[in-house]
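>>> Structure of the sequence below:
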Amino acid sequence: TTSGHQLRTFSQAILTIPDIRRLMADVRSLFRQILHLDETPHRTALAFAIGVFIGFSPAYGLHMVMVGFCAWAFGWNVVALLAGAFLNNPWTLIPILGGTYWTGATLLGMHDFPSFDWSDLSFTGIYHQVAPHAWPFVLGGMVLSIVGGLLAYPIAYFLLVKYRRSRMAEQSAHLPPPPG
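Numbers count the residues shown, from 1 in each chain. Presented below is the predicted three-dimensional model:
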């Protein structure tokens, strides 16, 4: 029946426990790829920090284009760039947007926060409501991008070096003793 078909289609759309396990394995695999790259920790940490900068930038809709450009133009690792840029994701979007606006408004000395009139949803109506708040958003986004990138580099570098040293120590512990 139609309702039976709709129920099967709906149930197939829901992630099952094995699907979630495969997704988590894919995420772990992504981080292993970042940690085991054949490039220096400096380059990997730099790519991650640039990704964080991109993720916090106010250029919404262009983040993936910027990641692709950086990977192509500078030869930076696309996995590390994406990992940094994906700090801005559907679960973190609202706090990041709020922090972006608050930072810019605070720096510009604005103390009133915007309200939205839902009665006029025309392009002109939305534009007139949003335009006065564009500068705080852009300024806050650039400040958070710079701060996020500057914080991300040393943290990523430290973690990469620590992880790689522990892996080398672990691998050398399994080697046979040298002859002699």
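>>> Can you name every helix or strand that the helix or strand where Arg167 lies contacts?
Here Arg167 sits within helix 134-173, counting by DSSP states H and E. In terms of contacts (3 or more Cβ pairs under 8 Å, 6 or more residues apart in numbering; DSSP states H and E), helix 134-173 is packed against helix 17-35, helix 41-56, helix 93-107. C-beta coordinates here come from the backbone N, C-alpha and C atoms, glycine included.
>>> Of those helices, flag the one that's most buried.
helix 41-56 (a mean of 24; mean count of other Cβ atoms under 10 Å).
>>> Next SSE downstream of that one?
Using DSSP H and E, the next helix or strand after helix 41-56 towards the C-terminus is helix 63-74.
>>> quick one: average confidence on that following helix?
Averaging pLDDT along helix 63-74 gives 92.
>>> Show me what it is packed against.
For helix 63-74, the packing partners by 3+ Cβ pairs under 8 Å, 6+ apart come out as helix 41-56, helix 78-85.
>>> From the chain's centroid, how far away is the longest one?
Its chain's C-alpha centre and that of helix 41-56 lie 10 Å apart, by Cα atoms, centre = their mean, to the nearest Å.
>>> Helix, strand, or coil at Trp91?
coil (DSSP: H, G, I helix; E, B strand; the rest coil).
>>> Make a markdown table from the helices and strands packed on helix 63-74 and add mean pLDDT to it.
Below are the helices and strands packed on helix 63-74 laid out as a markdown table (pLDDT from 0 to 100):
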| stretch | mean pLDDT |
| --- | --- |
| helix 41-56 | 94 |
| helix 78-85 | 90 |
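>>> now for those helices, which one comes closest to Leu150?
Leu150 lies closest to helix 41-56 among the helices and strands packed on helix 63-74, at 7.5 Å (Cβ to Cβ).
>>> And for that closest one, what's in contact with it?
For helix 41-56, the external contacting residues (Cβ atoms under 8 Å, 6 or more residues apart in numbering) are 34, 37, 63, 66-67, 70, 76-77, 80-88, 96, 100, 141, 144-146, 148-154, 156-157, 160-161, 164.
>>> do that again at 6 Å, thanks
37, 63, 66-67, 70, 76-77, 80-81, 83-85, 87-88, 144-145, 148-149, 152-153, 156-157, 160-161 (Cβ atoms under 6 Å, 6 or more residues apart in numbering).
>>> now stretch 83-93
34, 48, 51-52, 54-55, 63, 67, 96.
>>> distance between the ends of that stretch?
From its first residue to its last, stretch 83-93 covers 15 Å (Cα to Cα, to the nearest Å).
>>> Only the buried residues of the helix holding Arg167, if you could.
136-137, 139-145, 148-149, 152-153, 156-157, 160, 163 (16 or more other Cβ atoms under 10 Å).
>>> tell me the angle of that helix relative to helix 78-85?
Here the directions of helix 134-173 and helix 78-85 differ by 130 degrees (axes from the mean of the first three to the mean of the last three Cα atoms, to 10 degrees).
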